[in-house]
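In: Mind folding the following:
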Amino acid sequence: MSPETRGYTILIVEDEDTLRQACSDVLDAFGYRVLLAANGEEAVQVVRAQGEQIDCVLLDLTMPGMNGAAAYAQMRKIKPDLRVLVTSGHDVEDALRHFPKGSAFEYIQKPYSIYELHRRLQELLTSPASSNEA
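Out: All right, here's what the predicted structure looks like:
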C-alpha cells in the first residue's frame, strides 16, 4: 500500500468480468478502496448511492447497454466534480468523438500496464479538478 493512494475510492466500470476483477485486485494492492460496476447503468446507481465516497471512476468506453459516454453524462449530473479516467482500445481521438465538447476526463488506452494505470490515477487524484480534461 502506498501512502499517496490510501483513502481514495475508485469505481471500476468494466463489462469484461476478468478485466474488472484484475483491475480491482491491482488497485486494492496499491491501497485504493474499490467499488465495481459491470455496466453503465450499474455505475450510475453506484454513484447515486455512494457518490460522496467516490474519488474517481475508471470508465470503460465500450459496453453493451449504456455505454461509457452515456454513463459519464449521467454520473456527472449526480456529481459534477467527479474525476473520470476513460479507458478503451480506441485511440484518444476516436474516444473523444463519443463525448460532448468540453467534457472533463482523462484517457488511458487499452492495453495499459498496472503501473501506468496507477501513475495516471495518482496524477488525476492529486491534480486540481479544473485541469481534469482530455
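
In: buried residues in stretch 88-95?
Out: 88, 90, 95 (16 or more other CB atoms under 10 Å). In short, each C-beta sits where N, CA and C put it, glycine included.

In: Tell me the one of these nearest residue 77?
Out: Each of the buried residues of stretch 88-95 was checked against residue 77 using CB to CB; the closest is residue 95, at 20.5 Å.

In: sec struct for that closest one, please.
Out: helix (DSSP: H, G, I helix; E, B strand; the rest coil).

In: ditto for the one 5 residues further on
Out: For residue 100, the secondary structure call by three-state DSSP comes out as coil.

In: show me what contacts it?
Out: Taking CB atoms under 8 Å, 6 or more residues apart in numbering, we find residue 100 in contact with residue 73.

In: Looking at the buried residues of stretch 88-95, which has the smallest pLDDT value?
Out: Here the lowest pLDDT out of the buried residues of stretch 88-95 sits on residue 95, with 85.

In: Leaving out chain neighbours, which residue sits closest to it?
Out: Distances taken as CB to CB, 6 or more residues apart in numbering place residue 88 nearest to residue 95, at 5.1 Å, with adjacent residues excluded.

In: Mind listing the residues bridging to the one you found?
Out: Counting by DSSP bridges, residue 88 forms beta bridges with residue 109.

In: which residues does it contact?
Out: Going by CB under 8 Å, 6+ apart, residue 88 touches 60-62, 68, 94-95, 107, 109-110.
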